[in-house]
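Model the structure of this input:
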Amino acid sequence: MAHEIAERLVWAVNTLAIEPSDRLLEIGCGHGAAVSLICGQLTDGTITALDRSETMIRAAASRNLGHASAGKARFHTAELDKANWGPERFNKIFAVNVNLFWMKPAKELSIIRTLLLPGGSVYLFNQPPTAGKIVHIADRTTQNLTAEGFIINQILNENLSAGPAVCVIAGIP
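Below is the predicted model:
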C-alpha cells in the first residue's frame, strides 16, 4: 500500500538539506513519513524519531522496518522531557506542527540545547490551519528560542497548496 506524504513534510525534509552522515532527531514523528524520506538520503547517518503516542511510534516503525533493520532509524515512545537520551547527540533536530514550540516550551528548548551538537541546528516547522496565524507563530517561536539562548539563523516562509508554512531555524552560540 502506497503512503501519501504531506507536502509540508516534503518541504521540511528538503529544507533540512540532508547530508549522508547527519544525526537527526524528529520530535513528534507521527506515522514516520519524514523518516522514510530522510533514510533514503543517509549512508552512515541516523534518525531518531520520537513521539509521545505509542500508536504513532508503532505505525512509524512499521512503515520504516527496513530502515530500522539497517540501523538508520530508531523509534522511541516518550515525551521529549521524559526521554532518556544518554550520550546521544544530534546535528539536526526538527519538529513539524508541534505547537509546543510556539507556546511555552522553556523546559523542552533547554533539553534541545543539550542534545544539539556544536554547529548543529534546530528546525521548527509549522503550517497553521489559517494563514492569519503564520506571523504570530513565527514571532512566538523566535521569542521562545532566543529566550533560551538560541540564535535565529533564518526564518523561511513557503506557500504550500494547503496554505502557508513557516520554518524557524536556530542554533546555539
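
Who does the residue nearest to residue 23 when sequence neighbours are not counted form a beta bridge with?
Excluding its sequence neighbours, the residue lying closest to residue 23 (CB to CB, 6 or more residues apart in numbering) is residue 90, at 4.8 Å. Where C-beta positions appear, they are placed from N, C-alpha and C, glycine not excepted. Here residue 90 sits in beta bridges with residue 116, going by DSSP bridges.

got it, and residue 95?
Bridge pairing for residue 95 - DSSP bridges - gives residue 27, residue 124.

so it makes contact with residue 28?
Yes - under the criterion of CB atoms under 8 Å, residue 95 makes contact with residue 28 at 5.3 Å.

Quick check on these two: which one has the bigger neighbour count.
Using other CB atoms under 10 Å, the more surrounded residue of residue 95 and residue 28 is residue 95, with 24 against 21.

How much space separates that one from residue 43?
24 Å (CB to CB, to the nearest Å).

what's the single longest helix in this structure?
Longest among the helix segments of the chain by residue count, using DSSP state H, is helix 134-147.

ok, residues contacting the one helix or strand residue 167 maps to?
Using DSSP states H and E, residue 167 sits in strand 163-171. Strand 163-171 is contacted from outside by 8, 11-12, 15, 116, 119-131, 134, 137-138, 141-142, 145, 150-159, using CB atoms under 8 Å, 6 or more residues apart in numbering.
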